[in-house]
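Participant: here is my input, please return the structure:
(2 chains)
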Amino acid sequence: MQSMNKTGKTFHVQPFTVERGKIKEFAMAIGDDNPIYYDVEKAKEQGFRDIPIPPTFPTVMEMWSGLDFETLIRELDLDPLMVLHGEQEYEYLEDICAGDEITCTAKVISHVEKRRMTFITIENLFSRDGKIVLIARSNIIERNQ
Amino acid sequence: MSELEIIQKESITHTQLVRYAGASGDFNPIHTVVPIGEKAGLGGVIAHGMLIMGMAGEALTKWFPRQNIRAFKVRFSAMTRPGEKLSIEGHIDEEKTVNGEERLAGKVFVKNENGEVKLKGQFEVKKS
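Facilitator: Next up, the predicted model:
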């Protein structure tokens, strides 16, 4: 079954430009009323260059730059009805703000089958001007029949 | 150990899941289409795990300045359905030094009104 293992697989991901409107839409969907996501002056008072991203906004940068649910299902050969999100991790190295152009490099770093379940971990390195500014790791679980 | 202020959220609605799907770009239909949630054996739609983590992230940035957040890791432990009312709890466990920076490390929990834990997480923030 070694040939079935997806470890090392990479994905084709487009650059993503962070926009104020998308940050506001995302914060509103969560119900997060922190003024730094809505008012650039409030963001600047807290030391930001522009409106900063919320802590879980990298999911937007993944989904809207090509690493969306349908792509993952297809590329990883998963049953969409059986997929759950197990764990999620972020390391924040530098601020990311509206106006930033971010590129993402996504790779499967672990693929384990155990107890009729599939565990896949994808690591995404987000860069701005060639420097890594954020690291994300997503663990997804497929329940097998 | 130092407790952090509990953040209370409004009840989750199906509309909120549709809104979060559009905002995040996660259009997995188990979050928005009831017959597909039923077909998946979930008894209806369930909230995106990332929406629940987003609420935990909201709490983190109410407890600490946004600029100080350094690391945030969660494990999803139970599904959330429309109608559930969630709250976010957290506490600081310890101080540590990472790459010469003084940090606070702690844990965050999202629970429903019956105390069912939806998410357990850990965080590190720069000490201000």
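Participant: can you list the residues of chain A near chain B?
Facilitator: Residues of chain A lying close to chain B by Cβ under 8 Å from any Cβ of the partner chain are A:22, A:25-26, A:28-32, A:34, A:36, A:46-48, A:52, A:54-56, A:59-60, A:62-64, A:68-70, A:80-92, A:95. To be clear about C-beta, it is placed using only N, CA and C from the backbone, and glycine gets the same treatment.
Participant: contacts only, for the residue nearest to A:Ile53 when sequence neighbours are not counted.
Facilitator: Once flanking residues are discounted, A:Ile53 sits nearest to A:Ile96: 4.9 Å by Cβ to Cβ, 6 or more residues apart in numbering or on different chains. Going by Cβ atoms under 8 Å, 6 or more residues apart in numbering or on different chains, A:Ile96 touches A:18, A:52-53, A:57, A:102, A:126, A:128, A:133-134.
Participant: so which residue of chain B comes closest to chain A?
Facilitator: Closest approach of chain B to chain A (Cβ to the nearest Cβ) occurs at B:Gly25, with a separation of 2.9 Å.
Participant: just give the nearest non-adjacent residue to residue 9, would you?
Facilitator: You didn't pick a chain, so chain A it is. Among residues not flanking A:Lys9 along the chain, A:Val108 sits closest, at 4.4 Å (Cβ to Cβ, 6+ apart).
Participant: can you look at chain B instead?
Facilitator: Spatial nearest neighbour of B:Lys9, excluding adjacent residues (Cβ to Cβ, 6+ apart): B:Leu86 at 4.8 Å.
Participant: list the contacts of the residue nearest to the residue of chain B closest to chain A when sequence neighbours are not counted.
Facilitator: Take B:Gly25 and drop its neighbours on the chain: the residue closest to it by Cβ to Cβ, 6+ apart is A:Met63, 2.9 Å away. Going by Cβ under 8 Å, 6+ apart, A:Met63 touches A:69, B:24-26.
Participant: so which pair among those residues is furthest apart in space?
Facilitator: A:Phe69 and B:Ser24 (9.9 Å; Cβ to Cβ).
Participant: so for those two, which sits in the more crowded spot?
Facilitator: Shown here are A:Phe69 and B:Ser24; by other Cβ atoms under 10 Å in any protein chain shown, B:Ser24 has more neighbours (27 against 20).
Participant: the more buried one reaches B:His48, doesn't it?
Facilitator: Yes. With contact defined as Cβ atoms under 8 Å, B:Ser24 and B:His48 form a contacting pair (6.8 Å).
Participant: report the central residue of chain B.
Facilitator: Nearest to the mean C-alpha position of chain B, by Cα atoms, centre = their mean, lies B:Met53 at 2.7 Å.
Participant: actually, chain A.
Facilitator: Most central in chain A (Cα atoms, centre = their mean) works out to A:Thr59, at 3.4 Å.
Participant: skipping adjacent residues, who's closest to B:Ala23 in space?
Facilitator: The nearest residue in space to B:Ala23 (Cβ to Cβ, 6+ apart) is A:Ala29, at 3.9 Å.
Participant: which helix or strand contains the one you found?
Facilitator: helix A:20-30 (DSSP states H and E).
Participant: need the residues that contact that helix.
Facilitator: Helix A:20-30 has contacts (Cβ under 8 Å, 6+ apart) with A:33-34, A:37-38, A:40, A:50-54, A:56-57, A:60, A:64, A:98, B:16, B:19-20, B:22-24, B:51, B:54-55, B:57-58.
Participant: wait, what's in contact with A:Pro49?
Facilitator: If you look again at residue A:49, you'll see it is Arg, not Pro. Neighbouring residues of A:Arg49 by Cβ under 8 Å, 6+ apart: A:95, A:97, A:99.
Participant: from the contact counts, what lies against the top helix by length along chain B?
Facilitator: The residue-count maximum for a helix in chain B (DSSP state H) belongs to helix B:49-63. Applying 3 or more Cβ pairs under 8 Å, 6 or more residues apart in numbering or on different chains; DSSP states H and E, we find helix B:49-63 packed against helix A:20-30, strand A:83-92, strand B:2-11, helix B:14-24, strand B:69-76, strand B:85-98, strand B:101-112, strand B:117-126.
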